[in-house]
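>>> Sequence first, predicted model second:
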Amino acid sequence: MLDGQKAVVTGGGRGIGLAVAQVLAGAGASVFLVGRDVGRLEQAAASIGAAARWGAADVTDAAALANVLAQAGPADILINNAGGVDSKPVKRLTTEDMRRSLDQNLMGAFHAGQVLLPGMVERGYGRIVNIASTAGQKGYAYAAHYCASKHALIGLTRAMAVELARTGVTVNAVCPGYVATDLLESSLDNIQAKTGLSREDALAGILTGNPQGRPVQAQEVAAAVLWLCSPGSGAVTGQSIGISGGEVT
């Protein structure tokens, strides 16, 4: 399906990013993983095999990211997965909290697109998929900065899609709910430490709004991304697709 194509996946060392990279490689693409943790990148690339390369950079550092993407070379597919989340009441949020969230969840995708998009437009083909969140489709308490950044990412997605509609480049977002990754485990640890709830009750609280009552699997997100990257998805652009067990409809 993707034979001969090259994909760049930011935040590709673990979780959703790694699952996406594995699925794209399985469909025939070569993948270039970007992240901050060299050890994780090495392990992730080894799990994929010869189709994978990697480069270490923080997506909030535009110059460092540009240097690493120059090593990657032209790409047909860009998956903007790198990001960050924490929890804090809005009354305690600082300007620095908001800036950090925007840098991690919005500006990283913008920086990567600025580097790779011109080549896609020149070749008349490209797929950009931004990993957003249900936090880009609704509000969550204690996450105003995160929600703001993910709403902004969806706005960027929609605007770019309209602007690029006649170039052969599509731009879409997928919006997972709570995904069964180590980040979810860390969130559960934090809830247990603060509330004394059992792990089962902490998870049930997180999943209150999910009709399926279970975390999303990273492979389920990756499957949606693969479809958006396929040659047959050319008429799909500017969408924010929920992968959340029906939490957002």
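On my side now, so go ahead.

>>> Now do the nearest residue to T249 once chain neighbours are set aside against E200, distance only.
Closest residue to T249 apart from its sequence neighbours, by CB to CB, 6 or more residues apart in numbering: G242 at 7.4 Å. C-beta here means a position set from N, CA and C on the backbone, and glycine is covered the same way. Distance, G242 to E200, by CB to CB, to the nearest Å: 25 Å.

>>> In terms of neighbours, single out the busier of those two.
Neighbour count, other CB atoms under 10 Å: between G242 and E200, G242 has more, with 23 against 9.

>>> what helix or strand is that one on?
Element membership for G242, per DSSP states H and E: strand 240-243.

>>> cool, T237 as well?
Counting by DSSP H and E, T237 is found in no helix or strand.

>>> contacting residues for it?
By CB atoms under 8 Å, 6 or more residues apart in numbering, T237 lies in contact with A161, L164, A165, T170, V171, N172.

>>> now the third one, nearest residue through space, not along the chain?
Nearest non-adjacent residue to A165, counting by CB to CB, 6+ apart: T237, 6.3 Å away.

>>> So what's the predicted local confidence for the one you found?
pLDDT for T237: 98.

>>> for T181, same thing?
pLDDT recorded at T181 is 87.

>>> With R92 instead?
97.

>>> do the same with the one 5 residues further on
In this model, D97 is scored at 98, pLDDT.

>>> Next one: it relative to H145, how far apart?
5 Å.

>>> any common contacting residues for the two?
In contact with both D97 and H145: K88, using CB under 8 Å, 6+ apart.

>>> from memory L69 sits against A112, does it?
Yes. L69 lies in contact with A112 (CB atoms under 8 Å); the separation is 6.7 Å.

>>> Of these two, give the one with the bigger neighbour count.
A112 (27 against 23).

>>> Phi first, then psi, for the more buried one.
Main-chain dihedrals, A112, degrees, to the nearest 10: phi -60, psi -40.

>>> Would you mind measuring from it to A165?
Counting by CB to CB, the gap from A112 to A165 is 20 Å.

>>> ok, now D76?
In terms of CB to CB, D76 sits 18 Å off from A165.

>>> Equivalent analysis for V115, please.
V115 is 21 Å from A165, by CB to CB.

>>> One more: G4?
G4 is 25 Å from A165, by CB to CB.

>>> Lovely, talk soon.
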